[in-house]
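> Provided below are the primary sequence and the corresponding predicted coordinates.
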Amino acid sequence: MTIPPLSDEQRQQARHAATEARRRRAAVKQGLRTGETTLAEVLATAETDDVIAHAKVVDVLKALPRVGAVRADRVMHRLDIAPNRRLRGLGRHQIAALITEFAPRST
């Protein structure tokens, strides 16, 4: 099976769509960094939004305040989430565990 060749216009549209998708995922991660958005909100959005659903779990976790690569990897390992898993691929128990793990702490 070969991939049909794309016209220049189709290639340009695909490039534009990919750029927009990256921008939207970056905006979501920025919202997590600044605290405008919670992890629970992002996970809920991923259920209906294909662009957000294709974000990698590890990248979303690393966007959270005070979560770096080491903590993200440890949490994912403990919750049995594969390193290459995308938000759409999470099970309901994994989603619930992530929300509990990163729930805002009341002070």
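Cool, got the structure.

> residue boundaries of the helices in the chain?
Secondary structure of the chain, counting by DSSP state H: helices at 8-34, 39-46, 50-53, 57-62, 69-78, 92-101.

> so Val75 touches Val60, yeah?
No - with contact defined as Cβ atoms under 8 Å, Val75 does not reach Val60; the gap is 11.5 Å. From N, CA and C alone the C-beta is placed, and that goes for glycine too.

> the more surrounded of those two?
Shown here are Val75 and Val60; by other Cβ atoms under 10 Å, Val60 has more neighbours (24 against 18).

> Was I right to think Phe102 contacts Lys62?
No - assessed by Cβ under 8 Å, Phe102 is found out of contact with Lys62, at 11.8 Å.

> quick one: low-confidence ranges for the protein?
Scanning the chain for pLDDT under 70 picks out 105-107.

> dump the residue contacts of the residue nearest to the spatial centre of it.
Central residue of the chain (Cα atoms, centre = their mean): Ala55, 3.2 Å from the mean position. By Cβ atoms under 8 Å, 6 or more residues apart in numbering, the contact list for Ala55 reads Arg25, Val28, Lys29, Ala46, Arg86, Leu87.

> Can you tell me how far it is from Arg25?
Distance from Ala55 to Arg25, counting by Cβ to Cβ, to the nearest Å: 5 Å.

> Leu90 now?
16 Å.

> Leu39 now?
14 Å.

> And for Ala53?
Counting by Cβ to Cβ, the gap from Ala53 to Arg25 is 10 Å.
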